[in-house]
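# this is a predicted model, with the sequence first.
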Amino acid sequence: MTVRKSGRLSSDLLAGLNPQQRRAVKTTEGPLLILAGAGSGKTKTLTHRIAYILATGLAEPSEILAVTFTNKAAGEMRARVAQLTGHNPDNRAYMPFLGTFHAVCVRILRQDAESIGFSRSFVIWDEADRLAAVKQVSKEHKIDEKKFPARLLASMISGAKNEMVTPAEFAQVSEGPLGQAAAKAFQSYEMLLKSSNSLDFDDLIGKTVELLSHYPSVRASWQAQFKYVMIDEYQDTNSAQYKLVKLLTGSHKNIAVVGDDWQSIYSWRGADFRNILNFEKDYPSAVVIKLEQNYRSTKRILEAAHGVIKHNQNRSKKKLWTAAGSGLPVQVVQVLSEREEAEAIAQHIQNQPAQRYRDFAVLYRTNAQSRAIEDVFIRRGLPYKIVGGVRFYDRKEIKDVIAYARFIFQPDDSLSFERIANTPSRGLGAKSLVVFNNWKRQSNLGHLEALTRVDEIAGLTLRARAGLSQLADILSSFRAQMEELTPHQFIEGLIRRLDYLRWLEDGTPQGEARIENVRELLSVADEFENLGLSGFLEEVSLLTEADDRRTGGDSVVLMTLHSSKGLEFPTVFITGLEETLLPHSRALYDQAEMEEERRLMYVGMTRARRELYLTYATGRSLYGGRSHNIPSRFLADIEGSKTYTTSQADLLVSDNEPHYVPELSQGDFIKHRLFGRGTVVNLDGELATVTFDNQGTKVINIAFAPLEKL
């Protein structure tokens with residue numbers, strides 16, 4: 001076959017790849033499954049494959065559909081492909097169909113949404129919008145918020161949409177008070193979305209599947225558009241995404257999926273790792289290539305991680321290896337409590353002055369575990385950053401400004417109107433808004449026209465009329481300019497017109513932080529100068545939690561195991577290795593859940609490049625109670641690791657040393673090697689509460705503590 005070459009020569013694109021990566025890049029025709037182990041260079045392989053297809057003239061940039069799971073990953077991939085092919089890496093228009101599932105679906109719907117009854121200018125609701133809407137419809141149906149929280153109903157609606165279940169179908173299978181409440185909320189929620197010409201995150205995929213399924217000509221057009229389809233993180237696809245991929249793959253079946261079933265950890269949000277395991281059944285002629293050389297971790301870390309994952313029955317067969325050497329042993333550290341766990345971690349970090357703080361990551365199963373770690377880090381003055389806290393785009397002040405921009409762009413967006421109507425305050429109370437909204441509906445008017453006719457509305461106070469008229473002037477003024485202004489000019493002018501920064505200024509550090517956040521939004525707007533207001537709003541709406549994982553500055557990173565996926569650090573601490581915590585209690589009697597917990601542990605362990613510490617406590621205070629759980633079964637899976645025990649944060653005692661355990665009673669005097677003389681005030685099994693003469697009261701484990709009875 002004769003091919004046209006552009007940019008860098010195709011042979012250059014194969015340099016620096018190992019044999020398996022090179023084979024994956026050059027396998028361009030037909031279905032391809034790339035099983036890429038942790039740290040095996042899958043992103044490099046995928047970007048080089050895209051660049052190779054472009055460089056050899058097999059397709060143009062617009063003819064390649066490449067999907068990944070975060071906007072950040074998509075941006076980095078686009079820039080890398082551009083560099084490899086000799087294009088401008090800052091050009092966001094390059095590779096127009098390289099993005100997340102949601103971003104790709106938005107592009108498709110912006111062209112063809114009218115086929116399924118939506119305007120092309122639809123607004124995208126995020127999770128906060130969905131929650132607000134569900135709360136609204138719950139009130140309309142008088143659904144008891146305490147019995148059936150809006151967050152639970154919203155989650156049930158999302159789950160139904162991910163499985164492509166309609167409100168009518170959901171109502172047929174829903175049972176009991178909760179199911180009936182969810183069915184009512186679902187029906188009204190969909191009507192509210194429709195009347196607002198809005199789609200939520202789940203709709204972006206669901207409505208695209210509906211479009212492609214029901215309109216063969218539209219489907220054929222998009223299949224002809226994409227000569228090559230590539231899906232990253234295929235193990236994380238859900239039912240709707242799986243159907244979407246099948247619908248977009250044409251008769252050529254040039255589909256390549258990349259992923260690792262060992263790292264599938266999102267079943268709770270609909271991901272089905274069986275999609276990647278069943279790929280060969282879906283495409284019997286598929287070529288399978290395994291990327292097993294790990295470029296991240298040492299041999300001992302990989303062996304320990306393999307010791308955990310090998311106990312899963314439902315998994316692909318592969319074994320990671322590295323040329324990086326054996327490295328340091330994996331450290332298993334026992335502590336007495338969550339506070340000593342935090343002290344041990346902090347002490348180790350502070351004993352490594354040559355390393356940057358951002359070289360350390362502390363991972364945990366649940367967010368609640370961060371409390372003790374934060375307390376100790378604050379007391380010791382250790383800088384840290386919690387990943388997965390309140391995201392930038394979830395902060396109230398940011399959502400306020402975005403809501404103004406969204407409503408100006410799409411005046412049918414009722415949720416945005418409710419948010420901005422009295423923000424900043426303009427004398428509009430809840431009663432006035434009810435009067436306005438009722439009159440608007442009865443008059444069959446849109447928001448903007450209704451705002452220009454407030455003098456006709458009976459029951460409004462003079463102050464409320466003035467406030468609504470003021471809002472009308474602001475909205476109409478900026479709506480007239482929205483096509484002419486850059487996103488930065490638009491947002492800056494809006495903030496100034498609203499005098500929003502003065503409204504935020506309250507003399508507190510929190511107020512100053514809110515002002516800084518709004519100013520940071522202007523920096524964000526600068527990045528979308530060439531996309532206009534609609535492009536800016538679209539990009540911001542598509543940002544997810546996974547995109548907001550910047551650690552910022554030189555700080556220790558604290559995050560859940562789920563949030564750590566895709567990242568790597570020189571030193572990693574995984575905390576809480578106790579039964580009921582890791583693995584989680586709900587997995588103890590469910591084999592499928594237990595296998596997901598093992599995959600989660602595997603993900604955490606393979607984040608470490610040089611050092612890996614696994615900690616567990618003999619006693620832990622969590623969720624308002626104190627528990628004494630046995631060590632995690634995952635620790636028993638690890639072979640060849642060097643195990644330590646500790647009774648105090650800065651004192652490590654090898655478990656191989658003989659240790660005398662004294663028999664103690666309440667009131668006995670003891671001498672501790674580190675804390676000195678003390679009195680036993682309480683005993684609970686192997687845990688003794690001791691008041692020391694100079695160190696205060698401490699809880700110690702007498703099975704390991706270096707002490708003698710006086």
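Received it, and whenever you're ready, just let me know what you need.

# okay, CA-based contacts and neighbour counts for the rest of this
Fine.

# walking through the stretch 451-600 of the chain, point out its helices one by one.
For the stretch 451-600 of the chain, the helices defined by DSSP state H, counting those that start in this stretch cover 462-481, 487-498, 500-504, 509-526, 532-542, 591-605.

# please disregard the earlier target; I meant the stretch 601-710 of the chain.
Taking DSSP H, counting those that start in this stretch to define them, one finds helices in the stretch 601-710 of the chain at 633-637.

# low-confidence ranges in it?
The stretch 601-710 of the chain contains residues with pLDDT under 70 at 622-625, 639-662, 673-674, 684-687, 695, 699, 701-706.

# return the most buried member of the helices of the stretch 451-600 of the chain.
For the helices of the stretch 451-600 of the chain, the largest average neighbour count (mean count of other C-alpha atoms under 10 Å) is found in helix 591-605, namely a mean of 23.

# coming back round to it: any idea which of the helices of the stretch 451-600 of the chain gets closest to E343?
Nearest to E343 among those is helix 591-605 (20.9 Å), distances taken as C-alpha to C-alpha.

# report all helices and strands that the host helix or strand of K290 contacts.
Using DSSP states H and E, K290 sits in strand 287-291. Secondary-structure packing of strand 287-291 (3 or more C-alpha pairs under 8 Å, 6 or more residues apart in numbering; DSSP states H and E): helix 19-26, strand 32-36.

# let me have the helices of the stretch 451-600 of the chain in TSV, adding distance to R120 as columns.
Formatted as TSV, the helices of the stretch 451-600 of the chain follow (distance: least, C-alpha to C-alpha, whole Å):
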stretch	distance to R120
helix 462-481	18
helix 487-498	20
helix 500-504	31
helix 509-526	23
helix 532-542	11
helix 591-605	40
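
# quickly, which of those helices bottoms out on average pLDDT?
Mean pLDDT across those is lowest at helix 509-526; the value there is a mean of 78.

# okay, the angle between it and helix 532-542?
120 degrees (axes from the mean of the first three to the mean of the last three C-alpha atoms, to 10 degrees).

# tally of neighbours for the nearest residue to R598 once chain neighbours are set aside?
Spatially, and ignoring its direct neighbours in sequence, R598 is nearest to I309 (5.9 Å; C-alpha to C-alpha, 6 or more residues apart in numbering). When neighbours are defined as other C-alpha atoms under 10 Å, I309 has 24 of them.

# show me the contacts for I309.
Taking C-alpha atoms under 8 Å, 6 or more residues apart in numbering, we find I309 in contact with 262, 598-599, 602.

# and what of A51?
Taking C-alpha under 8 Å, 6+ apart, we find A51 in contact with 13, 81-82, 84-85.

# do S416 as well
403-404, 406-407.

# let's see that with 10 Å instead.
Contacts for S416 were tallied using C-alpha atoms under 10 Å, 6 or more residues apart in numbering; they are 125, 129, 196, 399-408, 410.

# grab the two from those residues that are most spread out in space.
The distance between the two most remote of those (C-alpha to C-alpha) is 18.9 Å, for S196 and V401.

# out of the two, which sits in the busier spot?
Ranked by neighbour count (other C-alpha under 10 Å), S196 and V401 place V401 first, with 21 against 18.

# which SSE is that one in?
Counting by DSSP H and E, V401 is part of helix 396-409.

# picking up where we left off before, could you dump the contacts of I309 to TSV with distance to Q20?
Below are the contacts of I309 laid out as TSV (distance: C-alpha to C-alpha, whole Å):
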residue	distance to Q20
W262	19
R598	27
R599	24
Y602	23
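
# quick one on the thing from earlier: buried subset of the contacts of S416?
Using 16 or more other C-alpha atoms under 10 Å as the burial test, the contacts of S416 include 125, 196, 399-408, 410 as buried.

# go ahead and confirm G493 touches A405.
No - between G493 and A405 there is no contact under C-alpha atoms under 10 Å: 11.2 Å.

# so what sits against both of the two?
In terms of C-alpha under 10 Å, 6+ apart, G493 and A405 are both contacted by the residues 478, 487.

# so, low pLDDT: which residues of the stretch 251-400 of the chain?
388-392.

# quick one, strands of it?
All strands of the stretch 251-400 of the chain, identified by DSSP state E, counting those that start in this stretch, fall at 255-259, 287-291, 331-335, 360-364, 384-386.
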